[in-house]
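1. have a look at this fold, sequence not included:
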Ligand code: AMP
C-alpha cells in the first residue's frame with residue numbers, strides 16, 4: 001500500500017519521497033487515514049515503529065485546512081516525557097512543514113534551559129511539542145494559551161507516567177477545550193495508561209504493533225565484567241581482536257557517545273557518533289557510511305538509535321546499560337536473525353551488576369559472563 005492511498009496532500013507525498021520514505025510502516029497505514037478523519041487513536045507502539053510520522057503528517061495536513069489561530073493560541077499540542085524526544089519530534093514536524101506551501105510554525109519547549117527565549121519564540125507557533133512541567137510554566141506566564149487546541153497527542157504516555165508527570169498532565173488536560181481530537185501513544189498498556197485512555201479517548205482507532213522480541217533466542221549474548229577505567233580499552237580490544245566490521249555501540253549520554261567515538265578514531269577504528277546534538281545532515285551521512293560499510297562503528301544513544309532502520313546488525317555492544325530492560329531488549333533485538341544469529345555484548349562494571357541482573361530477570365534469560373581482569377589490554 002503506497003503513501004498516496006492514505007489521503008495525504010501532494011506536497012507531503014513529495015516530501016516523503018525526498019526523505020526516502022518509500023512505503024508507509026504498518027502504524028502509518030492505519031493511523032494516517034484515521035487521524036485525517038478526525039478519529040481518536042490509541043497506538044500501542046515502540047519508538048522505531050514509525051509512530052512519529054504517523055501523527056506528524058496528518059496533523060500538518062489538518063493544520064493547513066484550519067484558519068490561522070489567534071497569536072499564542074496553538075492548534076495542536078504534543079506532550080512528550082523528555083527533552084530529547086521533544087527535539088526529535090519537532091524535527092520531524094519541521095522537516096515536513098517546510099514542504100508545505102504555507103509554512104506552519106512548530107516548536108519544542110522543555111525544561112532545563114532558560115525560559116525567556118522560549119517565551120519570545122512562541123510567537124506565531126501553531127504546533128507545540130512540550131514536556132509537561134515547562135508547558136505549565138509557559139501557560140502561567142501567558143506565553144502560550146491552550147484554549148484553542150484542536151488536537152492533543154500524548155507520546156510515550158507510559159514513560160510520562162513513570163516519570164511522575166501525572167499531576168502535570170491532569171492540569172494540562174483541564175486547560176484544554178473539551179471538544180478536541182486525542183491521540184495516545186504508549187509502548188505498553190499499564191493500568192495507569194488505561195485510566196488515561198478511559199478519560200481521554202472516545203471510540204478510538206486502536207493500533208497495536210507487536211514488539212520484535214521473538215528473536216531473542218537467536219541472539220548470542222555475552223557480558224564482560226570490567227572496571228570502569230578499562231572499558232574503553234576493552235571495547236577496542238573486542239572490536240579489533242574479534243575482527244568485528246559493523247558494530248553499533250550504545251552509550252547512555254550524548255557526551256559519552258562523542259568520547260567513545262573520538263577514542264575509537266584515535267585508535268584507528270573508523271567510528272562516528274550520532275545523537276540529538278548533531279545536525280540531521282551529519283547523522284544521515286554517518287548512518288549511510290555505516291550502512292555501506294565505510295564506517296566500522298556507530299556510537300549512538302537510545303533515542304537516536306531507534307531511528308536506525310537497519311534490519312540486521314551482526315554486533316551490538318552496550319558500552320553502558322540502558323535504564324530499562326525494555327530498552328535493552330530493543331537494543332539487542334537488532335542482531336537476531338534466523339539464518340545468521342548476531343551477537344550482543346554488554347560491558348558490566350561493578351556498579352552495573354545489580355542492574356544487569358534485573359535486566360536478565362525481566363528478559364527471562366541469563367547471559368554468559370566473562371571476567372576481563374586478566375585480559376592484556378596494553379596497546380588498546
Ligand atoms: P519513530 O518510531 O517515529 O521514532 O521512527 C523511527 C524511524 O523510522 C525514524 O528515523 C524515521 O525517520 C523512520 N521512518 C518512519 N517512517 C518511515 C517510512 N515509512 N519509511 C522509512 N523510514 C521511516
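-> Thanks, I have it. Predicted model, so just to flag it, every value in this text is computed and none were measured.
2. drop to CA atoms for contacts and neighbour counts, all remaining ones
-> OK.
3. quickly find the element holding residue 235.
-> helix 231-241 (DSSP states H and E).
4. what residues does that helix touch?
-> 244-245, 260, 263-264, 267, 319, 347, 377, 380 (Cα atoms under 8 Å, 6 or more residues apart in numbering).
5. go again using 7 Å as the cut-off
-> Contacts with helix 231-241, where a contact means Cα atoms under 7 Å, 6 or more residues apart in numbering, come from 264, 377, 380.
6. which residues touch the spatially closest residue to residue 177 that is not a sequence neighbour?
-> Spatial nearest neighbour of residue 177, excluding adjacent residues (Cα to Cα, 6 or more residues apart in numbering): residue 147 at 5.5 Å. Residue 147 is in contact with 175-177, counting by Cα under 7 Å, 6+ apart.
7. of these, which belong to helices?
-> Among those, the members falling in helices (DSSP state H) are residue 175.
8. okay if I get the contacts of helix 231-241 as a markdown table plus distance to the ligand, secondary structure and pLDDT?
-> Output for the contacts of helix 231-241, formatted as a markdown table (distance: Cα to the nearest ligand atom, whole Å; DSSP: H, G, I helix; E, B strand; the rest coil; pLDDT from 0 to 100):
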| residue | distance to the ligand | secondary structure | pLDDT |
| --- | --- | --- | --- |
| 264 | 25 | helix | 97 |
| 377 | 36 | coil | 95 |
| 380 | 33 | coil | 93 |
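9. tell me the secondary structure at residue 207.
-> strand (DSSP: H, G, I helix; E, B strand; the rest coil).
10. wait, it touches residue 40, no?
-> No - counting by Cα atoms under 7 Å, residue 207 does not reach residue 40; the two are 11.2 Å apart.
11. grab the nearest non-local neighbour of residue 208.
-> residue 44 (4.7 Å).
12. how far away is the closest residue to residue 179 other than its chain neighbours from residue 182?
-> Here the nearest residue to residue 179 in space, its sequence neighbours aside, is residue 150; by Cα to Cα, 6+ apart that works out to 7.5 Å. Distance from residue 150 to residue 182, counting by Cα to Cα, to the nearest Å: 9 Å.
13. mind listing the strands for this structure?
-> Remark: strands assigned in the chain by DSSP state E are 41-44, 76-79, 106-109, 127-130, 151-154, 181-186, 205-208, 220-225, 247-250, 271-274, 297-300, 315-318, 343-348, 368-371.
14. partner strands of the fourth one, with direction?
-> Spelled out, it's strand 127-130. Taking DSSP bridges as the criterion, strand 127-130 sits next to strand 76-79 (parallel), strand 106-109 (parallel) in its sheet.
15. can you spell out the domain ranges of this structure, please?
-> 3-210, 213-371 (automatic domain parsing).
16. lowest-confidence stretch among the ones you listed?
-> Mean pLDDT is lowest for domain 213-371 among the domains of the chain, at a mean of 88.
17. what comes into contact with stretch 109-129?
-> So stretch 109-129 is contacted by 71-72, 74-79, 83, 86, 90, 104-108, 130-131, 134, 138, 143-144 (Cα under 7 Å, 6+ apart).
18. okay, how far is it across stretch 220-231, tip to tip?
-> With Cα to Cα, one end of stretch 220-231 sits 21 Å from the other.
19. can you pull out the helices in the stretch 1-150 of the chain?
-> For the stretch 1-150 of the chain, the helices defined by DSSP state H, counting those that start in this stretch cover 10-18, 26-36, 51-65, 83-97, 116-121, 132-140.
20. quick one: the second one to strand 181-186, angle?
-> For helix 26-36 against strand 181-186, the angle by axes from the mean of the first three to the mean of the last three Cα atoms, to 10 degrees is 160 degrees.
21. quick one: is helix 26-36 near the ligand?
-> No - contact of helix 26-36 with the ligand (Cα under 6 Å from any ligand atom) is absent, the minimum separation being 7.3 Å.
22. from the chain's centroid, how far away is that helix?
-> 19 Å (Cα atoms, centre = their mean, to the nearest Å).
23. circling back to that earlier point, and the helices of the stretch 1-150 of the chain as a markdown table, adding mean neighbour count?
-> Output for the helices of the stretch 1-150 of the chain, formatted as a markdown table (neighbours: other Cα atoms under 10 Å):
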| stretch | mean neighbour count |
| --- | --- |
| helix 10-18 | 16 |
| helix 26-36 | 20 |
| helix 51-65 | 20 |
| helix 83-97 | 20 |
| helix 116-121 | 13 |
| helix 132-140 | 18 |
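24. adding distance to residue 330, write those out as JSON lines.
-> Shown next, in JSON lines, are the helices of the stretch 1-150 of the chain (distance: least, Cα to Cα, whole Å):
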{"stretch": "helix 10-18", "distance to residue 330": "26"}
{"stretch": "helix 26-36", "distance to residue 330": "18"}
{"stretch": "helix 51-65", "distance to residue 330": "16"}
{"stretch": "helix 83-97", "distance to residue 330": "17"}
{"stretch": "helix 116-121", "distance to residue 330": "34"}
{"stretch": "helix 132-140", "distance to residue 330": "26"}
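25. which positions in this structure make contact with the ligand?
-> Residues of the chain lying near the ligand (Cα under 6 Å from any ligand atom): 21-25, 47-53, 306-308.
26. and with 8 Å instead?
-> Residues of the chain found near the ligand (Cα under 8 Å from any ligand atom) are 19-25, 28, 45-54, 89, 92, 303-304, 306-309.
27. about what we covered before: was I right to think the residue nearest to residue 208 contacts residue 183?
-> No - taking Cα under 7 Å as the definition, residue 44 is not a contact partner of residue 183, at 11.0 Å.
28. pick out the residue of the stretch 101-250 of the chain closest to the ligand.
-> Across the stretch 101-250 of the chain, the shortest distance to the ligand (Cα to the nearest ligand atom) belongs to residue 155, at 10.1 Å.
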